[in-house]
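*Asks:* Predicted model and sequence below, questions to follow.
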Amino acid sequence: MSATSSLRAVPATETRLGAPAPQQDVPALMLDIGRRARAAARTLAIAPAQAKRAGLLAAAAAIRAHTPEILAANAEDVAAATIAGMSASMLDRLTLNEARLEATARGVEEIAELADPVGKVMESWERPNGLKLERVRTPLGVIGVIYESRPNVTADAGSLGLKAGNAVILRGGSDSFNSSRAIHAALVEGLMSAGLPADAIQLVPTRDRAAVGEMLAGLGGNVDVIVPRGGKSLVARVQSEARVPVFAHLEGIVHIYVDRKADLAKALNVVRNAKLRRTSVCGAAETLLVDSAGARTLLAPLVTMLLAEGCEVRGDAAAQTIDARVKPATEEDWRTEYLDAIISVKLVDGLDAAIDHIEAYGSHHTDAILTEDDAAAEKFLAEVDSAIVVHNASTQFADGGEFGFGGEIGIATGRMHARGPVGAEQLTSFKYRVRGTGQIRP
């Protein structure tokens, strides 16, 4: 199938874009999806690296070729979400344009060109008895991804899973239903052109929320891991109900601590970017902590800059004295992921107090220090227990693409297996290969 053929949603259980789905037996539908994913995973586990690369490059070409159809599908979703009263920040997550879609296609190409992690020898050694052992990367198997408004996750998650030799089951949000289906159809077109199974990347063809429950139950043992990407309520439900392992972060309560020895010009630029480049991403700064020893030179310029840029500031007593527009911060503000042009600001008594605040209120996602004091920076990087810790750079670099992973399936804030941006390599497990010459154990 060529990248210029007509865009068609797959598998056959799906209906055309915009058409109402027929009444479905959701448990039976999802069990069939799981079984087909498991079969595809077995094929993908031994698929040549070149076949996966070719399939992903063809998928990127198909996304470009079908840009008009994908944008038309997205326009339907955006129109419906606007009528439903979706917030501006969430609409921003949902909306595609030619530039964003081109970035999506480039992301798939970047993933295609990554080194294939499957079969990589992580370590090898020989025992005194002559046994030779290797620890080798292997696919996880079948990955279920549950996400909300961002249709580009369809391409990111599907491509990364496939690169690591996994089958992927995607359950996009109802508000991005048409967009996700159009992108998914392009992906599958590309995979099939390279001889890879269509079931390698499946999109759940129903808006019925019961499909989520079926995925969390494991689809008859056919799902190996679940990755949720969405708001707090979605992630909390997944972590509470899943009967399979979960890679997830509950919230991105991201802090920037401006140390007494911070460079003001650098701090103004970094804080502006970290908060306002895109307020709806999980790496956006939500709380600004300023060293009380630098309050006279740092606090006022930072607060004034944020207000001038149209950001609402909710601050402690010190911040409120800077400008009458600063609103009083409540205890809840220190625990809030705004995902909007709002930030909480607080003076703290030095580095230890900043670390204590982050430990008390943070979500172990991404936290940054701005300082020219290398000792202070190293202490912060060592003691802040977050998946990503940053010195003198924007927190919006918390992104798999910016890490050189080609993209990410999500940011994991747990401590098991994967942590931080979850790229292709993090979507593998490992096994041990043992080679002998007839040894037996005494």
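*Replies:* Now that the structure is in, tell me what you want to look at.

*Asks:* Which stretches in the stretch 1-150 of the chain count as strands?
*Replies:* Ranges of strands within the stretch 1-150 of the chain are 121-126, 132-139, 142-147, based on DSSP state E, counting those that start in this stretch.

*Asks:* for the ones you listed, which one ends up most surrounded?
*Replies:* Per residue and on average, the most neighbours among the strands of the stretch 1-150 of the chain fall to strand 142-147, with a mean of 29 (mean count of other CB atoms under 10 Å). (Each C-beta comes from the backbone N, C-alpha and C, glycine too.)

*Asks:* quick one on the thing from earlier: among the strands of the stretch 1-150 of the chain, which is nearest residue 391?
*Replies:* Distance to residue 391, taken as CB to CB, is lowest for strand 121-126 among the strands of the stretch 1-150 of the chain, at 28.9 Å.

*Asks:* Tell me who's in contact with residue 424.
*Replies:* 111, 114, 117, 160, 163-164, 405-406 (CB atoms under 8 Å, 6 or more residues apart in numbering).

*Asks:* Let me have the strands of the stretch 1-150 of the chain in TSV, adding distance to residue 363 and mean pLDDT as columns.
*Replies:* Converted to TSV, these look like this (distance: least, CB to CB, whole Å; pLDDT from 0 to 100):
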stretch	distance to residue 363	mean pLDDT
strand 121-126	30	97
strand 132-139	29	97
strand 142-147	18	96
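
*Asks:* Redo these as a markdown table? Include distance to residue 100.
*Replies:* Shown next, in a markdown table, are these (distance: least, CB to CB, whole Å):
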| stretch | distance to residue 100 |
| --- | --- |
| strand 121-126 | 36 |
| strand 132-139 | 29 |
| strand 142-147 | 16 |
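
*Asks:* right, so of those strands, which gets closest to residue 221?
*Replies:* From the strands of the stretch 1-150 of the chain, taking CB to CB, the stretch that ends up closest is strand 142-147, at 9.7 Å.

*Asks:* C-terminal to the closest one, what's the next element?
*Replies:* In the C-terminal direction, the helix or strand that comes right after strand 142-147 (DSSP states H and E) is helix 152-163.

*Asks:* ok and the helix or strand following that following helix relative to helix 152-163, angle-wise?
*Replies:* Taking DSSP H and E as the definition, the helix or strand that follows helix 152-163 towards the C-terminus is strand 167-171. Direction vectors for strand 167-171 and helix 152-163, defined by axes from the mean of the first three to the mean of the last three CA atoms, to 10 degrees, enclose an angle of 170 degrees.

*Asks:* elements contacting strand 167-171?
*Replies:* helix 26-45, strand 142-147, helix 152-163, strand 201-203, helix 210-216 (3 or more CB pairs under 8 Å, 6 or more residues apart in numbering; DSSP states H and E).

*Asks:* Now the fourth one: average pLDDT?
*Replies:* In this model, strand 201-203 has a mean pLDDT of 98.

*Asks:* and that strand, which strands flank it?
*Replies:* Applying DSSP bridges, strand 201-203 is found paired with strand 167-171 (parallel).

*Asks:* Just checking the distance from the strand it pairs with to the centre of its chain.
*Replies:* On the basis of CA atoms, centre = their mean, to the nearest Å, strand 167-171 sits 14 Å off its chain's mean C-alpha point.

*Asks:* rewinding a little: make a markdown table out of the helices and strands packed on strand 167-171 and add distance to residue 299.
*Replies:* As requested, the helices and strands packed on strand 167-171 are arranged in a markdown table below (distance: least, CB to CB, whole Å):
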| stretch | distance to residue 299 |
| --- | --- |
| helix 26-45 | 53 |
| strand 142-147 | 38 |
| helix 152-163 | 37 |
| strand 201-203 | 49 |
| helix 210-216 | 45 |
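
*Asks:* of the ones you listed, which approaches residue 261 most closely?
*Replies:* Nearest to residue 261 among the helices and strands packed on strand 167-171 is helix 152-163 (38.1 Å), distances taken as CB to CB.

*Asks:* That closest one to strand 142-147, inter-axis angle?
*Replies:* Between the direction of helix 152-163 and that of strand 142-147, the angle (the same axes, to 10 degrees) works out to 170 degrees.

*Asks:* mean confidence for helix 152-163?
*Replies:* Looking at helix 152-163 alone, the average pLDDT works out to 94.

*Asks:* And it, what's buried?
*Replies:* The neighbour-count check on helix 152-163 (16 or more other CB atoms under 10 Å) flags 152-163 as buried.

*Asks:* Which of these sits closest to residue 316?
*Replies:* residue 153 (36.5 Å).

*Asks:* quick one: that closest one from residue 323, how far?
*Replies:* Computed as CB to CB, to the nearest Å, the residue 153 to residue 323 distance reads 38 Å.

*Asks:* What of residue 420?
*Replies:* Spatial separation of residue 420 from residue 323 under the definition CB to CB is 36 Å.

*Asks:* Kindly report the same for residue 119.
*Replies:* According to CB to CB, residue 119 stands 59 Å off from residue 323.

*Asks:* got it, and residue 426?
*Replies:* In this structure, residue 426 and residue 323 are 43 Å apart, going by CB to CB.

*Asks:* just how off-centre is stretch 329-341 within its chain?
*Replies:* A distance of 21 Å separates the centroid of the chain from that of stretch 329-341, by CA atoms, centre = their mean.

*Asks:* Now do the end-to-end distance for it.
*Replies:* As for stretch 329-341, its first-to-last residue distance stands at 15 Å under the measure CA to CA, to the nearest Å.
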